[in-house]
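> Let me see the structure of the following:
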Amino acid sequence: MDRELIHIYTYKARLTNAQRFKFAKRKKGINGVQLRKISNALTGVLKTQIRRQGHVDTGKMVNGTKVIATIGARGELVAKVFSKADYWKYVNGNFDILENAMKTRKWKEIEKQFNEYNQGHPKRR
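Numbers count the residues shown, from 1 in each chain. Next comes the predicted model:
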């Protein structure tokens, strides 16, 4: 029986500071800090839309509503709306608050910013 001899060579690379910076700057997608920034911006747009449509009586819906941005399976933006107000689904269902907020220029700018941050996502086309 012949045995193959396999040689594995290792090389310890000495990188310059510029090479280290370039290596560290490679993007794999959006990070947690950027997602929080996107979430806060989307929350602000939604709260502005609630105020604009005049659905502020006690302030519970405005103060208790929050948007959390996550990444979908293919690298797309998924915005989840959480509200402490039990009646959010009824008010939103009758007055389309979320749809109107998603049609604003500010929401589109935030989506564009998300796409710029998330360009390096592995399943992104």
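> what's the average pLDDT for stretch 38-45?
Here stretch 38-45 scores 97 as its mean pLDDT.
> mind listing what's buried in stretch 31-47?
Buried residues in stretch 31-47, counted by 16 or more other Cβ atoms under 10 Å: 34-35, 37-39, 41-43, 45-47. Quick note: C-beta positions are derived from backbone N, CA and C, even for glycine.
> Can you name the two of the residues you listed that sit furthest apart?
Greatest spacing in those, by Cβ to Cβ: 34 and 47 (20.6 Å).
> thinking again about what came up before, between the buried residues of stretch 31-47, which is nearest residue 56?
residue 47 (9.6 Å).
> any idea of the mean pLDDT for stretch 113-120?
Mean predicted confidence for stretch 113-120 is 88.
> CA atoms only for that stretch, dumped as CSV, please.
The C-alpha coordinates for stretch 113-120 follow below in CSV (Å, rounded to 0.1, in the frame of the first residue of the first chain):
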residue,chain,number,x,y,z
GLN,A,113,-29.7,53.7,4.3
PHE,A,114,-30.5,50.1,5.5
ASN,A,115,-29.7,48.8,2.0
GLU,A,116,-26.4,50.7,1.9
TYR,A,117,-25.4,49.3,5.3
ASN,A,118,-26.4,45.7,4.3
GLN,A,119,-24.8,45.5,0.9
GLY,A,120,-22.3,42.8,2.0
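> Of all the residues in it, which ones are buried?
Residues 113-114, 117-118 are the ones in stretch 113-120 that count as buried (16+ other Cβ under 10 Å).
> Would you convert those into CSV that also reports secondary structure and distance to residue 53?
Converted to CSV, the buried residues of stretch 113-120 look like this (DSSP: H, G, I helix; E, B strand; the rest coil; distance: Cβ to Cβ, whole Å):
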residue, secondary structure, distance to residue 53
113, helix, 25
114, helix, 25
117, helix, 30
118, coil, 30
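> give me every residue that touches residue 43.
65-67 (Cβ atoms under 8 Å, 6 or more residues apart in numbering).
> is it fair to say it lies in a helix?
Yes. Counting by DSSP: H, G, I helix; E, B strand; the rest coil, residue 43 is found in a helix.
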